[in-house]
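Engineer: Next come a sequence and a model predicted from it.
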Amino acid sequence: MVMPDNWKGRIDRKFRWMSLFYDAFDLVFITAPSRNPRRILAEAVPPDARRILDVCAGTGRGALAVAAHRPGAQVIGIDLSVPMLAVAERKVPPKDRGRVTFRAMDAARLEFEDGSFDAAMISLALHELPPDLRARVLDEMVRVVKPGGRIYVADYDWPSAAVGRLLLRLFFLVFEPPHVLEFMRTDWPVEFDRRGCVLQEEKKALYTRILVGNKQREAQENDPPPMDKTRLVKKAFIYQYVLVGWNVLEACIAFVSGKALWLKEAPRESLVGISLSGQCRAGAPEGQGGGAPPRIRTK
């Protein structure tokens with residue numbers, strides 16, 4: 001799937017004029033530097049990641065933050081908006097030219113080989129895309145990451161305070177597309193799982209969160225087949241029922257055995273006395289209690 005031309009035109013028109021002041025949106029993070037999502041994401045990238053892809057890199061703030069934290073890594077940023085990339089290029093320090101590069105590219109059809117990156121990231125961009133394109137971009141990110149590599153998604157998250165939620169809604173009304181509210185309901189563990197990844201960690205930031213996914217190793221021919229979770233649950237229930245049934249059977253056997261043992265070991269006289277006492281009580285007139293058995297006189 002390729003991003004439709006009408007969508008490309010919309011992105012080009014929107015970000016052509018936004019490139020002039022796009023970085024101003026990051027000023028909100030000045031109020032809480034420790035909760036800046038770009039900083040948190042950059043720190044989350046492992047030191048052994050040698051090749052990192054920044055999808056929808058925009059003006060390059062995320063890519064440059066990662067490059068600063070991982071000076072030995074090659075960072076490549078891609079975006080559809082040429083004006084945004086022009087701003088990003090101007091920010092690259094002379095010492096990092098060649099190590100940090102930016103390219104105009106369709107995020108729904110990445111021009112890279114499978115498994116050619118140790119990590120792929122996307123910051124504050126997925127919410128811009130409708131569901132079908134969003135799914136394709138995620139598919140492409142997972143494709144170009146090596147098995148065992150990381151996928152990072154940094155995007156909006158509802159703050160806990162009511163005032164913060166109100167401010168974010170107002171921001172959505174002014175600057176974001178209508179489907180952003182649908183994006184906020186995304187079930188991320190499911191989205192990662194259906195692409196062969198595991199959601200390992202979720203980091204909270206200011207008005208945002210950073211999701212860290214791990215791409216699972218591809219199955220080999222000699223690997224055991226994956227276990228059917230449904231069958232596993234059924235087996236667990238069957239085992240529990242068998243265990244309960246066995247415990248009940250043991251209790252019944254113990255009860256019967258104890259009763260038989262008591263009857264066997266009880267003195268014969270006591271059993272006769274119990275029997276006679278029962279007969280007397282049974283034969284007593286109504287309103288009279290049973291007493292001791294009548295004595296028989298002998299001459």
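Structural biologist: Structure's in. What do you need? Numbering: from 1, shown residues only.

Engineer: mind listing the strands for the stretch 151-299 of the chain?
Structural biologist: Using DSSP state E, counting those that start in this stretch, the strands of the stretch 151-299 of the chain run over 197-205, 208-215.

Engineer: JSON lines for the ones you listed, including mean neighbour count?
Structural biologist: For every residue, glycine as well, the C-beta is placed using N, CA and C. Below are these laid out as JSON lines (neighbours: other C-beta atoms under 10 Å):
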{"stretch": "strand 197-205", "mean neighbour count": "15"}
{"stretch": "strand 208-215", "mean neighbour count": "22"}
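
Engineer: for those, which one sits closest to L249?
Structural biologist: strand 197-205 (42.8 Å; C-beta to C-beta).

Engineer: Poorly predicted segments of the protein, please.
Structural biologist: 1-28, 30-31, 218-237, 239, 241-242, 246, 254, 256-299 (pLDDT under 70).

Engineer: Tell me which helix or strand comes right after the helix or strand harbouring D54.
Structural biologist: Using DSSP states H and E, D54 sits within strand 51-55. Next in sequence after strand 51-55, counting helices and strands by DSSP H and E, comes helix 61-69.

Engineer: Neighbouring strands of the strand holding D54 in the sheet, and parallel or not?
Structural biologist: strand 74-79 (parallel), strand 117-123 (parallel) (DSSP bridges).

Engineer: Would you tell me which of those gets closest to V66?
Structural biologist: Here strand 74-79 is closest among these (C-beta to C-beta), at 5.6 Å.

Engineer: what angle do that closest one and helix 61-69 make?
Structural biologist: Per axes from the mean of the first three to the mean of the last three C-alpha atoms, to 10 degrees, the angle that strand 74-79 makes with helix 61-69 is 180 degrees.

Engineer: could I get strand 74-79 in PDB with only the CA atoms?
Structural biologist: What follows is strand 74-79, C-alpha atoms only, in PDB (Å, rounded to 0.1, in the frame of the first residue of the first chain):
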ATOM      1  CA  GLN A  74      23.900   6.000  12.500                       C
ATOM      2  CA  VAL A  75      20.500   7.800  12.600                       C
ATOM      3  CA  ILE A  76      18.400   8.100   9.400                       C
ATOM      4  CA  GLY A  77      15.300  10.300   9.400                       C
ATOM      5  CA  ILE A  78      12.600  10.100   6.700                       C
ATOM      6  CA  ASP A  79       9.600  12.300   6.000                       C
END
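
Engineer: helix or strand right after that strand?
Structural biologist: Next along the chain from strand 74-79, counting by DSSP H and E, comes helix 82-91.

Engineer: Packing partners of that next one?
Structural biologist: helix 5-18, helix 61-69, strand 74-79, strand 100-104 (3 or more C-beta pairs under 8 Å, 6 or more residues apart in numbering; DSSP states H and E).

Engineer: now do 7 Å
Structural biologist: helix 5-18, strand 100-104 (3 or more C-beta pairs under 7 Å, 6 or more residues apart in numbering; DSSP states H and E).

Engineer: ok so, going back, would TSV of the strands paired with strand 51-55 with mean neighbour count and distance to V100 be doable?
Structural biologist: Shown next, in TSV, are the strands paired with strand 51-55 (neighbours: other C-beta atoms under 10 Å; distance: least, C-beta to C-beta, whole Å):
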stretch	mean neighbour count	distance to V100
strand 74-79	24	5
strand 117-123	25	14
